[in-house]
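A.B. asks: Mind folding the following:
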Amino acid sequence: MHPTVRARLDRSLGHAAQRRRAPVVRGFGSFLWEKKWFFIALAVGALLMHLPPPEGLDQRGLIVLSMSVVAIILFVMEPVPLPTVALMIVLGQVVLLGIDSSSVARSLMSDSVLFIMGSLMLAVAIVKQKLDKRIAYWIVQVTGTKTANVCIGISVVSGVLASFIGEHTVAAMMLPVAITLISLTSEDVKKVRGLAAVLLFSISYGCSIAGIGTPSGGARNAIMIGYWKEFFYDPTNPETAKYIIDYLTWMLYCYPIFLIQLPFVTLILLYTFKPERKDISRAVVKLRKQIRADGPMKSADWVSIATFTCVLIGWLGFSDTLGLGTVAIFGAVAFLVIGLVRWEDVNSGVNWGVVLLYAAAISLGVQMKDSGAALWVANSFLNFLEPLGVDGGLPLWTAISVLTTGVTNTMSNGAAVAVLGPITLKMAIASGESPILIGFITAISSAFAYLTVIGTPACTIVYASGYLKTTDFLVVGYRMVIMSTILLIISASLYWPLIGV
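C.D. replies: Down below sits the predicted model:
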């Protein structure tokens with residue numbers, strides 16, 4: 001991996017703390033000021049935990065909710081390196097919730113975490129073989145060298161692939177491509193902050209919006225399809241056959257929404273970050289020279305492509321039985337055994353703090369679900385809406401989208417749909433709305449996890465590059481949420497009635 005990129009990877013999760021680090025001689029007062037958000041977060045958590053549990057939430061759920069609030073404050077303000085927050089989540093589950101440490105350890109190593117780990121290892125192998133340069137050059141040959149066009153190209157490629165093979169996979173494939181274009185533009189991160197942001201977010205948001213397009217785009221989609229069948233389908237009643245949603249029917253409803261969002265993603269990113277280079281032709285010239293210097297594809301390159309193709313086939317054909325993570329680890333092992341990459345390269349190129357961060361976030365999300373805290377948040381939100389007369393139509397659709405968006409930014413989208421799906425579908429029946437319409441709104445809104453580093457694996461993977469700050473996700477994320485919600489509601493109002501909802 002490029003040395004300047006490696007340097008940024010080394011400090012990515014602790015950049016805020018390192019930037020503010022001061023000699024001990026500055027005194028205790030300076031230390032308190034530098035860490036003020038750390039102590040504020042702890043004080044908020046302690047206050048919440050000592051409040052009487054509200055109706056419908058027990059003490060365990062209150063503790064989990066308090067831990068989540070503390071974690072969010074620390075994620076956003078970064079008074080300490082983010083892996084420290086991950087370790088605090090682990091300690092909190094043992095000390096505050098009384099969970100056996102072995103059980104907590106087991107919850108950290110899920111298939112999703114193995115996938116993040118394996119994907120980052122594969123990304124290092126791709127960079128080592130310089131395949132990222134060839135992919136990047138192919139993209140700019142199609143799009144041209146204007147930054148806006150390159151962003152659109154990266155979003156389209158990431159999105160179309162992610163709609164069929166999952167955002168996790170595509171984000172891992174495309175990260176080295178973006179890093180190549182960024183590092184060739186300038187090795188000084190301060191001179192390409194905006195450019196780096198638009199290219200990297202083009203990957204993560206392109207993948208996120210594409211995940212709604214097909215049933216295979218994410219677990220949330222399959223969960224909702226299962227709920228429709230389980231709750232509403234009756235084999236003895238032919239009229240309920242409409243609740244059996246197949247692959248093509250899902251695409252008919254959702255793929256156009258993904259495509260409509262693509263140009264808006266680029267517009268929002270360019271408006272938010274204002275890249276320093278409107279044209280990256282100089283980087284492309286350097287890229288062309290490097291590719292020519294490397295010469296034609298060598299046998300090792302073809303072996304790398306064949307190995308990674310086998311990984312893709314494994315993700316497509318065997319992930320339902322082996323798991324995405326296991327296939328990713330298989331691929332990493334294959335690269336190491338064949339000798340296409342050394343362990344020293346993997347060890348120095350993978351940001352292990354990102355793996356720990358995502359593992360802890362998933363573990364906390366499991367506790368949010370198991371303790372009933374997530375369900376309490378959902379019910380409280382709906383009870384809040386009841387006096388406002390939000391009982392149907394556009395107000396209800398918007399409220400469900402907002403609720404799902406809020407929950408999915410604190411836990412995995414699959415878990416969010418698993419928790420909220422039964423609630424929102426019951427609301428559909430009670431309000432006289434179509435369960436299919438409300439179900440689609442719930443599933444699609446669970447893809448709007450734009451606000452946090454741990455919102456989706458794609459966000460976590462691009463954050464591992466070291467070019468982004470956690471506040472970047474908030475700055476652009478709320479604009480993405482507004483855009484996606486508006487387009488979703490417009491589609492539900494104008495497009496879906498035309499095809500039968």
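A.B. asks: Would you agree residue 336 is in contact with residue 344?
C.D. replies: No: taking contacts as C-beta atoms under 8 Å, residue 336 lies outside contact range of residue 344: 10.8 Å. Every residue, glycine included, has its C-beta placed from N, CA and C.
A.B. asks: Looking at these two, which has the bigger crowd around it?
C.D. replies: residue 336 (16 against 8; other C-beta atoms under 10 Å).
A.B. asks: Can you give me every residue that contacts the more buried one?
C.D. replies: By C-beta atoms under 8 Å, 6 or more residues apart in numbering, the contact list for residue 336 reads 342-343, 346.
A.B. asks: just the helices in the stretch 101-250 of the chain please.
C.D. replies: 101-108, 111-128, 131-143, 147-165, 167-185, 193-210, 219-232, 247-273 (DSSP state H, counting those that start in this stretch).
A.B. asks: Next, format those helices as CSV and append distance to residue 389 and mean pLDDT.
C.D. replies: Shown next, in CSV, are those (distance: least, C-beta to C-beta, whole Å; pLDDT from 0 to 100):
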stretch, distance to residue 389, mean pLDDT
helix 101-108, 41, 85
helix 111-128, 40, 75
helix 131-143, 48, 76
helix 147-165, 37, 84
helix 167-185, 37, 81
helix 193-210, 32, 91
helix 219-232, 26, 78
helix 247-273, 28, 91
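A.B. asks: Determine which stretch of those is the most buried.
C.D. replies: Among these, the stretch with the highest mean neighbour count (mean count of other C-beta atoms under 10 Å) is helix 193-210, at a mean of 28.
A.B. asks: Show me what that helix is packed up against.
C.D. replies: For helix 193-210, the packing partners by 3 or more C-beta pairs under 8 Å, 6 or more residues apart in numbering; DSSP states H and E come out as helix 147-165, helix 167-185, helix 247-273, helix 457-463, helix 470-490.
A.B. asks: Output stretch 479-494 as CSV, restricted to C-alpha atoms.
C.D. replies: The C-alpha trace of stretch 479-494 is given here as CSV (Å, rounded to 0.1, in the frame of the first residue of the first chain):
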residue,chain,number,x,y,z
ARG,A,479,-28.5,16.1,3.4
MET,A,480,-28.5,12.6,2.0
VAL,A,481,-31.3,11.6,4.4
ILE,A,482,-33.5,14.5,3.3
MET,A,483,-32.9,13.8,-0.3
SER,A,484,-33.6,10.1,0.0
THR,A,485,-36.7,10.5,2.1
ILE,A,486,-38.2,13.1,-0.3
LEU,A,487,-37.6,10.9,-3.3
LEU,A,488,-39.0,7.8,-1.5
ILE,A,489,-42.2,9.6,-0.6
ILE,A,490,-42.6,11.0,-4.1
SER,A,491,-42.1,7.5,-5.5
ALA,A,492,-44.7,6.1,-3.0
SER,A,493,-47.1,8.8,-4.0
LEU,A,494,-46.7,8.9,-7.8
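A.B. asks: which residues are in contact with that stretch?
C.D. replies: 205, 209, 256-257, 260-261, 264-265, 268, 271-272, 394, 397-398, 401-402, 405, 437, 440-441, 444-445, 447-448, 450-451, 501.
A.B. asks: So for it, mean pLDDT?
C.D. replies: Throughout stretch 479-494, pLDDT has a mean value of 95.
A.B. asks: For it, which residues meet the burial criterion?
C.D. replies: For stretch 479-494, burial by neighbour count (16 or more other C-beta atoms under 10 Å) applies to 479-481, 483-485, 487-488, 491-492.
A.B. asks: Just give me the neighbour total for the residue lying closest to residue 272 once chain neighbours are set aside.
C.D. replies: Spatial nearest neighbour of residue 272, excluding adjacent residues (C-beta to C-beta, 6 or more residues apart in numbering): residue 476 at 4.6 Å. The tally of other residues near residue 476 (other C-beta under 10 Å) stands at 23.
A.B. asks: export the helices of the stretch 101-250 of the chain to a markdown table and tack on distance to residue 303?
C.D. replies: Converted to a markdown table, the helices of the stretch 101-250 of the chain look like this (distance: least, C-beta to C-beta, whole Å):
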| stretch | distance to residue 303 |
| --- | --- |
| helix 101-108 | 34 |
| helix 111-128 | 11 |
| helix 131-143 | 11 |
| helix 147-165 | 22 |
| helix 167-185 | 17 |
| helix 193-210 | 26 |
| helix 219-232 | 32 |
| helix 247-273 | 34 |
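A.B. asks: so which of these gets nearest residue 455?
C.D. replies: Among the helices of the stretch 101-250 of the chain, the nearest to residue 455 by C-beta to C-beta is helix 193-210 (8.1 Å).
A.B. asks: Could you list the low-confidence segments of the stretch 401-501 of the chain?
C.D. replies: By pLDDT under 70, the low-scoring segments of the stretch 401-501 of the chain are 411-412, 414-415, 501.
A.B. asks: which residues does residue 367 contact?
C.D. replies: Residue 367 neighbours (C-beta under 8 Å, 6+ apart): 64, 67, 93, 97, 373.
A.B. asks: what about it, which SS state?
C.D. replies: helix (DSSP: H, G, I helix; E, B strand; the rest coil).
A.B. asks: and the gap between it and residue 140?
C.D. replies: Distance, residue 367 to residue 140, using C-beta to C-beta, to the nearest Å: 45 Å.
A.B. asks: Then residue 262?
C.D. replies: 18 Å.
A.B. asks: And for residue 148?
C.D. replies: Distance from residue 148 to residue 140, by C-beta to C-beta: 13 Å.
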